[in-house]
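Undergrad: Sequence first, then the predicted structure:
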Amino acid sequence: MSSQQNRRLVKRFSKTAIFVHWLNALAFFMLYLTGLPLYTEYFHWLYIILGSAENAMILHRIFAVVFMTPLIIALIFDRQSLVHWLRQIFTWKKHDFKFFMPFAKEFFGLHSDVPKQDFYNAGEKLNSLLQLSMGFILVISGVILWFDQFFSASAVQWAFVFHNIGFALAIAVVVGHVYLSVGHPNSRVSMKGMTKGDVPVDYARDHHGRWYDELKEKEKQKNKGA
Amino acid sequence: MGQYRMLVDVTKCIGCYSCRVACQMENDLPPDQSYISFCEVEKGEYPNVEWVMHRFSCLHCEDAVCEKVCPQNAISYSQTGAVVVDQEQCIGCEYCEKNCPFGRAKVELCQDKEGNSVSRANKCTLCNGKVLEGMTPACASTCYTEAIVFGESDEILQKAEQRLAEVKDRYPDANIYNPEGVGGTHTIYLLAHKPEEYDLESDATTPASAIIWKDYAQPLGKLLLGATTMAVIGGAISNRLFNKGEHHEGGE
């Protein structure tokens, strides 16, 4: 790889996209921390850190409201990124399905050839789909649990089940998502995309080959036009 | 220590409320709180009127849903057969209240040790402390029509059958309410009419949601979280081993 190209950056995420991502992350983790002691008794000590179980319950409700805002903010201020994201995560082609086996090898530090990926790779697509669907399940069941006086006893009882399942599926993938962005040596450079908004061109080429090809195609046409 | 049971014979109850008062005194409850409440319905038209009532409180299920769903393990089975709440462990999350098939577990404002008002599960304990000392629950020892009787589990079941036989000609629909769906209960009723007339479900059972939630979803969820966490730790370690010092920013 040429060192000159290495320094070149390309825009990946808009300011709004970055903001809603981190707002969502903050709400997610606060909801997770305030809900965890109810999920497993190994985390009852979190009540001491949070002051009391009552504090945990209040914080859980505050961040529940925060958790619902990112989608609305994106819808108002950056519909383009939102639509692009939704369109991408619901598009699954051969190269997406073929992502996972070689990815597993690379995850554990072995060399492997992952097929060229879109703007969002198949792992990011899967994480997004899970977060989106679990988000809906958690919000709907959460509203039923919060405003239980308006719902039947069995609706409330089933809301407990769905809140529980949503919690488990959402966090299980997030563990990997966080590790890949801050821990894994090959992919942690992607974090710059979610902080400054730009990623190195080399990163785009190696991890999101199909997006890189699109960018090159666009550049060519621009040059032609000029 | 053998297990105990309480029989509430509604055919003998005259609705004097003295069990309720005895309960409040025994448990030091304010006038507006009690572990016993009364369900009263007027049935029929004059002159054939009947006052259908029963005194209700926690039934002390053999397989208690509240015990199953409590995230604090604050609800447990006593050796007497009672289902009891440890209010110091309770955080007032209302899981028990929302999942009780009988609507008998209640979360109310209680006083904690320091005298603060806190939301806690608050329900009949079958006077567990008294029974452990060899005494009879306050409501049973107060009831002077002997509508409430307390004793060894099997003896009370026999007594219930005996009384059922006695009242069968007066109340052809009479039945013993001891729902199998929750494994039987430690407070059973001799009802004069069908359970539905007392707002009781004859086939009350552990909700399927509670079984899916606590026996399947939660253990699997913990397993899943454990598995991905282990994969990440394993990945971090193996990356150290295989990729020593040759991390390439943004390339492979």
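TA: That came in fine, so what should we check first? Remember, predicted model here, so these are calculated numbers, not experimental data.
Undergrad: so who does residue 217 touch?
TA: Answering for chain A, as no chain was given. By Cβ atoms under 8 Å, 6 or more residues apart in numbering or on different chains, no residues touch A:E217. Heads up, the C-betas are built off the backbone N, CA and C, glycines and all.
Undergrad: Chain B, not that one
TA: Applying Cβ under 8 Å, 6+ apart, the residues contacting B:A217 are A:161, A:164-165, A:168.
Undergrad: Helix, strand, or coil at whatever residue of chain A ends up closest to chain B?
TA: Residue nearest to chain B within chain A (Cβ to the nearest Cβ): A:A168, separated by 2.7 Å. Following DSSP: H, G, I helix; E, B strand; the rest coil, A:A168 is assigned to helix.
Undergrad: What sits closest to it if chain neighbours are left out?
TA: B:G221 (2.7 Å; Cβ to Cβ, 6 or more residues apart in numbering or on different chains).
Undergrad: quick one: secondary structure of that neighbour?
TA: Here B:G221 is recorded as helix under three-state DSSP.
Undergrad: With B:E40 instead?
TA: B:E40 - assigned by three-state DSSP - is strand.
Undergrad: What are the neighbouring residues in contact with the residue most central in space within chain A?
TA: For chain A, the residue nearest the mean C-alpha position is A:S128 (5.1 Å; Cα atoms, centre = their mean). Counting by Cβ under 8 Å, 6+ apart, A:S128 touches A:85, A:89, A:120.
Undergrad: Could you count how many residues lie near B:V167?
TA: Look at B:V167: counted by other Cβ atoms under 10 Å in any protein chain shown, it has 16 neighbours.
Undergrad: what sits against it?
TA: By Cβ under 8 Å, 6+ apart, the neighbours of B:V167 are B:11, B:174, B:190, B:192.
Undergrad: filter these down to the ones near chain A?
TA: Among those, no residue is within reach of chain A (Cβ under 8 Å from any Cβ of the partner chain).
Undergrad: Have a look at the chain and report the helix or strand with the lowest mean pLDDT.
TA: In the absence of a named chain, this looks at chain A. helix A:3-7 (a mean of 54; mean pLDDT, DSSP states H and E).
Undergrad: wrong one, I was asking about chain B
TA: Ranking chain B's helices and strands by mean pLDDT, DSSP H and E puts strand B:107-111 last, a mean of 79.
Undergrad: ok, and does that strand reach over to chain A?
TA: No: judged by Cβ under 8 Å from any Cβ, strand B:107-111 stays clear of chain A, getting no closer than 11.7 Å.
Undergrad: So what touches that strand?
TA: Contacts for strand B:107-111 (Cβ under 8 Å, 6+ apart): B:33, B:87, B:92, B:94, B:96-97, B:117-122.
Undergrad: 6 Å - rerun?
TA: Surrounding strand B:107-111, the residues in contact under the criterion Cβ atoms under 6 Å, 6 or more residues apart in numbering or on different chains are B:92, B:94, B:97, B:117, B:119-122.
Undergrad: So which of the residues you listed sit within strands?
TA: Of the contacts of strand B:107-111, the ones assigned to strands by DSSP state E are B:117, B:119-121.
Undergrad: Pull out the buried members of the residues you listed.
TA: B:119-121 (16 or more other Cβ atoms under 10 Å in any protein chain shown).
Undergrad: Out of the residues you listed, which is nearest to chain A?
TA: B:S119 (8.0 Å).
Undergrad: Please name the nearest non-neighbouring residue to that closest one.
TA: B:G92 (3.2 Å).
Undergrad: What pLDDT does the model give the one you found?
TA: The model reports B:G92 with a pLDDT of 90.
Undergrad: Which pLDDT value goes with the closest residue to B:P137 other than its chain neighbours?
TA: Counting by Cβ to Cβ, 6+ apart, B:P137 lies nearest to B:C127, which is 3.6 Å off, once chain neighbours are set aside. What the model reports as pLDDT for B:C127 is 95.
Undergrad: same thing with A:T16?
TA: At A:T16, pLDDT is 93.
Undergrad: And the helices in chain A?
TA: Remark: helices assigned in chain A by DSSP state H are A:3-7, A:15-39, A:46-50, A:53-77, A:79-89, A:94-97, A:100-107, A:122-146, A:153-182, A:191-195, A:201-207, A:209-225.
Undergrad: And for the stretch 1-150 of chain B?
TA: Secondary structure of the stretch 1-150 of chain B by DSSP state H, counting those that start in this stretch: the helices cover B:18-26, B:65-69, B:95-99, B:128-132, B:138-142.
Undergrad: which one of the ones you listed lies closest to chain A?
TA: helix B:95-99 (5.1 Å).
Undergrad: so for the closest one, what's the average pLDDT?
TA: Helix B:95-99 comes out at a mean pLDDT of 93.
Undergrad: same check, this time on stretch B:162-176
TA: 94.
Undergrad: tell me how far it is from the chain's mean position?
TA: 26 Å (Cα atoms, centre = their mean, to the nearest Å).
Undergrad: Show me what counts as buried in it.
TA: Neighbour counts over stretch B:162-176 (16+ other Cβ under 10 Å) mark B:163-164, B:167, B:171, B:174-175 as buried.
Undergrad: Also stretch B:98-114?
TA: B:98-102, B:104-107, B:110.
Undergrad: and the stretch 101-250 of chain B, which residues reach chain A?
TA: With Cβ under 6 Å from any Cβ of the partner chain as the criterion, the stretch 101-250 of chain B meets chain A at residues B:207, B:209, B:212-213, B:217-218, B:221, B:224-225, B:228-229, B:232, B:235-236, B:238-239, B:242-243, B:247, B:249-250.
Undergrad: From those, list the buried ones, please.
TA: Members of these classed as buried by 16+ other Cβ under 10 Å are B:207, B:209, B:212-213, B:217-218, B:221, B:224-225, B:228, B:232, B:235-236, B:239, B:243, B:250.
Undergrad: Report the closest residue of chain B relative to chain A.
TA: Closest residue of chain B to chain A, Cβ to the nearest Cβ: B:G221 (2.7 Å).
Undergrad: Could you double-check that A:G209 lies in contact with A:V114?
TA: No: taking contacts as Cβ atoms under 6 Å, A:G209 lies outside contact range of A:V114: 8.9 Å.
Undergrad: between the two, which one's more packed in?
TA: Set A:G209 next to A:V114 and count neighbours by other Cβ under 10 Å: A:V114 wins out with 22 against 17.
Undergrad: what bits of chain A have low per-residue confidence?
TA: Applying pLDDT under 70 to chain A flags residues A:1-7, A:226.
Undergrad: picking up where we left off before, mind putting the contacts of A:S128 in JSON lines, distance to chain B included?
TA: Formatted as JSON lines, the contacts of A:S128 follow (distance: Cβ to the nearest Cβ, whole Å):
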{"residue": "A:W85", "distance to chain B": "22"}
{"residue": "A:I89", "distance to chain B": "20"}
{"residue": "A:Y120", "distance to chain B": "17"}
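Undergrad: who in chain A is up against chain B?
TA: By Cβ under 6 Å from any Cβ, the residues of chain A that approach chain B are A:1, A:38, A:53, A:107-109, A:156-158, A:160-161, A:164-165, A:168, A:172, A:175-176, A:179, A:183, A:185, A:189, A:200, A:202-203, A:206.
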